[in-house]
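Asks: give the three-dimensional model of this entry:
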Amino acid sequence: MNYSSFICKIVTNPKQILFENNISLSEFSAQFPRVRNRDCIDIFNVIVWGKLSYDIVESYKINDYIIIEGYISLKNINSNYALDSNYKYKKQVEITAFKIYPFSSNI
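Replies: I've put the predicted structure just below:
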């Protein structure tokens, strides 16, 4: 299984989308806190469905630290399967969150 927990920092404001059946989806970008090698940036997309989606939009903003529990997946950046300079497919890490908790600390 790829169910994991992460501590991360929100780097974009959560955007909410409502579907026809009043199903809500929120999406935002988050970043892992870096202890070493501060030149690397690990940014990934987080998707939240349902009632938790409403709470995310109302409760969290940019620079908040949170704990995420969810499933990891890889998504192609574009539909053309563009190759980068290393001849690898460009992928974006995406986490579908099922639980999100506030995290208070000076990282």
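
Asks: what residue is smack in the middle of this structure?
Replies: Residue closest to the average C-alpha location in the chain (Cα atoms, centre = their mean): Val46, at 2.3 Å.

Asks: sec struct for that residue, please.
Replies: strand (DSSP: H, G, I helix; E, B strand; the rest coil).

Asks: let me know whether it touches Glu27 as I believe.
Replies: Yes: if you go by Cβ atoms under 8 Å, Val46 and Glu27 touch, sitting 7.0 Å apart. C-beta coordinates here come from the backbone N, C-alpha and C atoms, glycine included.

Asks: how about Glu56, phi and psi?
Replies: You called it Glu, but residue 56 is Ile. The phi/psi pair for Ile56 (degrees, to the nearest 10) reads phi -60, psi -50.

Asks: related to what we said a few turns ago, identify the residues contacting the residue nearest to the centre of the chain.
Replies: 8, 27-30, 68, 70, 94-95, 97 (Cβ atoms under 8 Å, 6 or more residues apart in numbering).

Asks: list the beta-bridge partners for it.
Replies: Following DSSP bridges, Val46 is listed with bridge partners Phe28, Ile95.

Asks: got it, and Gln16?
Replies: If you apply DSSP bridges, the partners that Gln16 bridges to are Ser26.

Asks: can I take it that Asp55 is in a helix?
Replies: Yes: Asp55 forms part of a helix when assessed by three-state DSSP.

Asks: what about the residue nearest to it when sequence neighbours are not counted, is that helix, strand or coil?
Replies: Spatial nearest neighbour of Asp55, chain neighbours left out: Ile100 (7.8 Å); criterion: Cβ to Cβ, 6 or more residues apart in numbering. Recorded secondary structure, Ile100: strand (three-state DSSP).
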